[in-house]
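1. fold the following.
(chains A and B)
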Amino acid sequence: MLKDITIGQHYPTGSVVHRLDPRTKIIGTFVFMAGLFTVKNFDAYLIVVTLLLVTVKASKVPVKYVLKGLKPLMVLIMVTFLINLFMTRGDAFFTLGPITMTWEGLRQGIFMALRLVFLIVGTSMLTLTTSPITLTDGIEHLLNPLKIIHVPAHELAMMMTIALRFIPTLLEETDKIMKAQMARGADFESGNLINRAQSLVPLLVPLFISSFRRADDLAMAMEARCYRGGENRTRMKALQWEKMDAAVLLLVFGYLGIMIWMRVR
Amino acid sequence: MNNSPMISIVDVSYEYTNVDDTDLIALNHVDLTIEKGEHLVIIGHNGSGKSTLAKQMNALLLPSSGVVEVAGMDTRDPALLWSVRQTAGMVFQNPDNQIVATIVEEDVAFGPENLGIEPTEIMNRVTAALERVDMAQYRHKAPHLLSGGQKQRIAIAGVIAMKPDCIIFDEPTAMLDPSGRKEVINAMKVLNREEGITVVHITHFMEEAVGAHRVAVMEDGKLVMVGTPREIFTRVDELKELGLDVPQMTELASVLRKEGIDIPADVLTVEEMVNHLCQLKLMD
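-> Next up is the predicted model:
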């Protein structure tokens, strides 16, 4: 049952967006977010929406699937909307006791809710179109210049890769331990919150012990295959900037320029 | 290449301190020479020191006394460490705990990447290695979706991609089902016969030792017998005393001989047994 959990929501379609260099997509996402936060008026949202629509269309990921990503964050979006609706001062159009709703609040609420929606859709496009391993690769390359100030870029990326590699293995193991403990009468499903938390102890202890054992084995296996950190290491698939990447970067920076211009005009 | 043997172990002892502060002698003055192209099987039960001996062969452990040389390179020399490990690759017991990457081909590339090889060359090596273990069609798969035998073959491909002269298999079949075991043993034999790679295979399945050139038996940190499978397995009673089994057919032959039936003691496989038994009938 635990095996069904998917980590990251990579949706491979092999589209242009998928084939972009991960660095382009990471930078693009950050620039997109920066642009989004400069927006003050609804009219600038038109550009944001257009950009998002073009990206989604080009990625060939079904719109429905993209919007599904909003579901778990619906509560957050609603709360943001309501707080803005009730807490903004201005022309009241509805009053009931201490509760007042203002036109300015309504506007602000919709504005902030939309910003959150765009933010989530924009960032989920990154994870939808990039496999975790390429994403890790991209992060490693982008962090590389920071090595001068002793940011362990390679080590961080290696840790992420290994974590990704072991998630399914550990989930499988959790499932196995859970069944083994249930066969001996452990109860993971009933009782109040504290009881349930306590019942997890016989699950977590063996899982921890086995993770350490695995880590030990893996370290040994990596050493046997001549691993000695990032120094002098080559990669089979070196990341390569293509013309498409330049075009996309030009596009997103153009978008940021327009956003800033609309803000200061 | 020089004329030194693939691996030479001379008077090697290895001791370590246990968690409860007792000194344990895992290897006790072991001498063993493994020639190039040889297929050597090391047997012994748990705690006999066979895994410790294996780890001495690619400098994962260093001898407390004595010398281990891999293709003439002393494993204690830090400057030679990486060429020792490139020359003598190792496949471990647990298939899950030796795969590093989330995609098969990336994992096979891990070793060559560590050696700093050119990307195009890595690509060629990965393709060749995957074909060698018959896993080419799984190239872009995630390792956790593969069977145990397939994962072990990926691990083997990961080692071959480093172009070693020798591969040490540390109980690679212990966690596999019979079909997975067969896959791994076949891959091992192909490498030894067709590529001339020296194979050191540590196991506790006696049947797997039958096809080897030589068998070494370990007990309590010492090497107690070394010889061809026929020489070793005919010593049925001695092996039993050590708590080890012999291949089924050898055992059968020994029982039959005790019953006064005249067949050789060094029968190893079913075919041989059939052969001898049929001849027996003709003579009657």
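
2. now the helix or strand harbouring residue B:257 - C-alpha only, PDB.
-> Taking DSSP states H and E as the definition, residue B:257 sits inside helix B:248-258. The C-alpha coordinates for helix B:248-258 follow below in PDB (Å, rounded to 0.1, in the frame of the first residue of the first chain):
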ATOM      1  CA  GLN B 248      24.400 -33.500  -3.400                       C
ATOM      2  CA  MET B 249      25.900 -35.900  -6.000                       C
ATOM      3  CA  THR B 250      29.200 -36.200  -4.100                       C
ATOM      4  CA  GLU B 251      27.300 -37.000  -1.000                       C
ATOM      5  CA  LEU B 252      25.300 -39.600  -2.800                       C
ATOM      6  CA  ALA B 253      28.500 -41.100  -4.200                       C
ATOM      7  CA  SER B 254      29.900 -41.300  -0.800                       C
ATOM      8  CA  VAL B 255      26.800 -43.000   0.700                       C
ATOM      9  CA  LEU B 256      26.800 -45.500  -2.200                       C
ATOM     10  CA  ARG B 257      30.400 -46.300  -1.700                       C
ATOM     11  CA  LYS B 258      29.800 -47.000   1.900                       C
END
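
3. give me the neighbour count for residue B:264.
-> 11 (other C-beta atoms under 10 Å in any protein chain shown). Quick note: C-beta positions are derived from backbone N, CA and C, even for glycine.

4. what's the lowest-mean-pLDDT helix or strand in chain B in contact with?
-> Taking mean pLDDT, DSSP states H and E as the measure, chain B has helix B:270-283 as its least confident helix or strand, at a mean of 79. With contacts defined as C-beta atoms under 8 Å, 6 or more residues apart in numbering or on different chains, helix B:270-283 is touched by B:249, B:252, B:253, B:261, B:262, B:263, B:264, B:267.

5. could you identify the most distant pair in those residues?
-> B:249 and B:262 (16.1 Å; C-beta to C-beta).

6. looking at the two, which one has more neighbours?
-> residue B:249 (20 against 9).

7. interface residues of the stretch 101-250 of chain B facing chain A?
-> Residues of the stretch 101-250 of chain B found near chain A (C-beta under 8 Å from any C-beta of the partner chain) are B:101-103, B:105-106, B:109-119, B:122-123, B:126, B:142-144, B:158-159, B:162.

8. could you rerun that using 7 Å?
-> Neighbours of chain A within the stretch 101-250 of chain B, by C-beta under 7 Å from any C-beta of the partner chain: B:101-103, B:106, B:109-111, B:113-119, B:122-123, B:126, B:144, B:158, B:162.

9. please, which helix or strand holds residue A:67?
-> helix A:63-68.

10. and the next helix or strand past that helix?
-> For helix A:63-68, the following helix or strand on the C-terminal side (DSSP H and E) is helix A:74-87.

11. doesn't residue A:253 lie inside a helix?
-> Yes. Checked against DSSP: H, G, I helix; E, B strand; the rest coil, residue A:253 lies within a helix.

12. any idea how far it is from residue A:27?
-> For residue A:253, the distance to residue A:27 equals 9 Å [C-beta to C-beta, to the nearest Å].

13. what about these two, which has more around it?
-> It is residue A:27, of residue A:253 and residue A:27, that has more neighbours when counted by other C-beta under 10 Å, with 18 against 14.

14. look up which helix or strand the more buried one falls in, please.
-> helix A:22-38.

15. residues making contact with that helix?
-> A:48, A:115, A:118-119, A:122-123, A:126, A:129-130, A:134-135, A:137-139, A:141-142, A:239, A:245, A:248-249, A:252-253, A:255-256, A:259-260, A:263 (C-beta atoms under 7 Å, 6 or more residues apart in numbering or on different chains).

16. buried subset of these?
-> Among the contacts of helix A:22-38, those classed as buried by neighbour count (16 or more other C-beta atoms under 10 Å in any protein chain shown) are A:48, A:115, A:118-119, A:122, A:126, A:129-130, A:134-135, A:137-139, A:141, A:245, A:248-249, A:252, A:255-256, A:259.

17. pretty sure residue A:143 contacts residue A:151?
-> Yes. Using C-beta atoms under 7 Å, residue A:143 makes contact with residue A:151 at a distance of 5.8 Å.

18. just the CA coordinates of the one helix or strand residue B:167 maps to, formatted as CSV?
-> Using DSSP H and E, residue B:167 falls within strand B:166-170. Presented in CSV, the C-alpha positions along strand B:166-170 are these (Å, rounded to 0.1, in the frame of the first residue of the first chain):
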residue,chain,number,x,y,z
CYS,B,166,39.5,-9.4,-11.4
ILE,B,167,36.1,-9.4,-9.7
ILE,B,168,35.5,-10.5,-6.2
PHE,B,169,32.0,-11.8,-5.5
ASP,B,170,31.1,-11.6,-1.8
